[in-house]
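>>> Starting from these lines, generate the structure:
(chains A and B)
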Protein chains: 2
Amino acid sequence: MSSDLLNALIDGLRVLPSVGPRSARRMALHLLQSNRKGGLNLAEVLSQSMTQIKNCQSCRNFTEQALCSICNDSSRDETQLCVVENPADVDSLELTSGYTGRYFVLMGRLSPLDGLGPYELGMDKLFELIRSQSVKELIIATGTSVEGDATAQYISDQLVNDDIAITRLASGIPSGGDLEALSGNTLKTAFANRQPF
Amino acid sequence: MSSDLLNALIDGLRVLPSVGPRSARRMALHLLQSNRKGGLNLAEVLSQSMTQIKNCQSCRNFTEQALCSICNDSSRDETQLCVVENPADVDSLELTSGYTGRYFVLMGRLSPLDGLGPYELGMDKLFELIRSQSVKELIIATGTSVEGDATAQYISDQLVNDDIAITRLASGIPSGGDLEALSGNTLKTAFANRQPF
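I've put the predicted structure just below:
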């Protein structure tokens, strides 16, 4: 482009996931032509977020406080702890599940090739939390990918001598699903886990 | 989300074109989890761009200087002026056309319903530029939409008494195109504008 600063902006926008050179240029020109105020506001919250958002000292979810709003909420049930991979999973469960316990956010799943081991996922904090508090049920809500399964297995193996119930979200046919559209693995799992009707 | 600041960031990202709530959340979490440095850099260039990038005093293209790099380049041919709708069009022409003259960027096209008339497109500056400098050929490179055609027609009508050549980019079959894939209008124009072989 004709302006070095504009080129820097286009390059800068490419840190956003799935934004290539063409989308970045479109975004930059859109902001310059029709929404400079929105662009300035974005710059401000982005700068604040990158510097002020840390991990909750208890559950590792993102928060700008020492403890996130869920960990700070004394009405939540301390006897249930739900382990999820990502902050977005907490949101999804909060919106739909009616769950009233606490969470622990791994911020990933075991993936040695990406350098993500038990330490990087804060598992020491997870086990400390379980043992220091009155957790009676640990709900493992990791995904059903190979890594998600391995993460669930690892957590459950480490707690084999602890006196807590460990559960995992049900696997099976998604609601509204036709059998013919499912992957072989989904169908196999659903068949193996069939329930009394 | 668990954090007000994170919610503000997700809202803030939605000023970007074609970014909905889900993409905005994915972008925010991606930056927080794996690229805070990139996020901070983006905040910085965004803030600088929104405040420092203005329109070039001569051609209206975006620049942080008084004159853009093309208008500042004394080796460019002052006798040719190419009118385009958007800054992106200047880039495309620079990359491909071998054109060595100057540009004028309308930053839009005539569209009365959107409040874009001759004044908003800086046409007074365009005509002043043509009359005060030694422009011999005006190349109209607006798009071939109805508005692009109307914009081209308007400019050419205003210059009917000026002693300059006015040309427009050729319309016809795009390179590598099959006839059956073209719109009726494209084919009609290409047929009407047929050239000696």
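>>> And the pLDDT at residue A:17?
With respect to pLDDT, residue A:17 scores 94.
>>> With adjacent residues omitted, what lies nearest to it?
residue B:30 (4.7 Å; C-beta to C-beta, 6 or more residues apart in numbering or on different chains). In this view, the C-beta of every residue, glycine as well, is placed from N, C-alpha and C.
>>> Just the element for that neighbour, please.
Assessed by DSSP states H and E, residue B:30 sits inside helix B:21-34.
>>> Residue A:37 now?
Following DSSP H and E, one finds residue A:37 within helix A:36-52.
>>> residues of that helix that come out buried?
Burial within helix A:36-52, assessed by neighbour count using 16 or more other C-beta atoms under 10 Å in any protein chain shown, is assigned to A:38, A:39, A:40, A:41, A:42, A:43, A:45, A:46, A:47, A:48, A:49, A:50.
>>> can I get the residues you listed in CSV with distance to chain B and pLDDT?
Conversion of the buried residues of helix A:36-52 to CSV gives the following (distance: C-beta to the nearest C-beta, whole Å; pLDDT from 0 to 100):
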residue, distance to chain B, pLDDT
A:38, 3, 95
A:39, 4, 96
A:40, 5, 96
A:41, 6, 96
A:42, 4, 96
A:43, 4, 96
A:45, 4, 95
A:46, 4, 96
A:47, 4, 96
A:48, 6, 95
A:49, 4, 95
A:50, 4, 95
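>>> so residue A:111 touches residue A:145, yeah?
No: judged on C-beta atoms under 8 Å, residue A:111 makes no contact with residue A:145 at a distance of 9.7 Å.
>>> between these two, who's got more neighbours?
Set side by side, residue A:111 and residue A:145 show more neighbours around residue A:111, with 16 against 12, by other C-beta atoms under 10 Å in any protein chain shown.
>>> per-residue confidence at the more buried one?
So residue A:111 comes in at 92 (pLDDT).
>>> repeat for the one 3 residues further on
As predicted, residue A:114 sits at a pLDDT of 87.
>>> Same check on residue A:169?
pLDDT at residue A:169 comes out at 89.
>>> these two touch, right, it and residue A:139?
Yes: at 7.3 Å, residue A:169 counts as touching residue A:139 under the criterion of C-beta under 8 Å.
>>> neighbour count winner among the two?
Comparing residue A:169 with residue A:139 by other C-beta under 10 Å, the one with more neighbours is residue A:139, at 20 against 16.
>>> Dump the buried residues of helix A:36-52 into JSON lines; add distance to residue A:25 as well.
Formatted as JSON lines, those follow (distance: C-beta to C-beta, whole Å):
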{"residue": "A:38", "distance to residue A:25": "17"}
{"residue": "A:39", "distance to residue A:25": "14"}
{"residue": "A:40", "distance to residue A:25": "19"}
{"residue": "A:41", "distance to residue A:25": "21"}
{"residue": "A:42", "distance to residue A:25": "17"}
{"residue": "A:43", "distance to residue A:25": "18"}
{"residue": "A:45", "distance to residue A:25": "23"}
{"residue": "A:46", "distance to residue A:25": "19"}
{"residue": "A:47", "distance to residue A:25": "23"}
{"residue": "A:48", "distance to residue A:25": "26"}
{"residue": "A:49", "distance to residue A:25": "24"}
{"residue": "A:50", "distance to residue A:25": "23"}
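>>> residues in contact with the residue sitting nearest the centre point of chain A?
Geometric centre of chain A, nearest residue: residue A:86, 0.8 Å, by C-alpha atoms, centre = their mean. Residues near residue A:86 by C-beta atoms under 8 Å, 6 or more residues apart in numbering or on different chains: A:105, A:106, A:107, A:108, B:29.
>>> For these, work out which two are farthest apart.
Of all pairs drawn from these, the one with the longest distance (C-beta to C-beta) is A:106 and B:29, at 13.4 Å.
>>> What segments of chain A are helices?
Ranges of helices in chain A, per DSSP state H, are A:4-13, A:21-34, A:36-52, A:87-96, A:123-132, A:146-158, A:184-192.
>>> ok, of the ones you listed, where does mean pLDDT dip lowest?
Lowest mean pLDDT within those: helix A:184-192, a mean of 84.
>>> For that helix, which outside residues touch it?
A:144, A:171, A:172, A:173, A:179, A:182.
>>> make it 7 Å
A:171, A:172, A:173, A:179 (C-beta atoms under 7 Å, 6 or more residues apart in numbering or on different chains).
>>> same thing with stretch A:40-53?
By C-beta under 7 Å, 6+ apart, stretch A:40-53 touches A:62-64, B:3, B:5-6, B:8-9, B:12-13, B:15, B:31-32, B:36, B:39-40, B:42-43, B:46-47, B:50.
>>> Can I get that stretch in CSV? Just the C-alpha atoms.
The C-alpha atoms that make up stretch A:40-53 are tabulated as CSV, following Å, rounded to 0.1, in the frame of the first residue of the first chain:
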residue,chain,number,x,y,z
LEU,A,40,-9.5,3.0,18.4
ASN,A,41,-11.7,1.3,20.9
LEU,A,42,-10.4,-2.1,19.7
ALA,A,43,-6.8,-0.9,20.1
GLU,A,44,-7.6,0.2,23.7
VAL,A,45,-9.4,-3.0,24.9
LEU,A,46,-6.8,-5.1,23.1
SER,A,47,-3.9,-3.4,24.8
GLN,A,48,-5.7,-3.7,28.2
SER,A,49,-6.6,-7.3,27.7
MET,A,50,-3.1,-8.4,26.6
THR,A,51,-1.6,-6.8,29.7
GLN,A,52,-4.3,-7.3,32.4
ILE,A,53,-5.9,-10.6,31.7
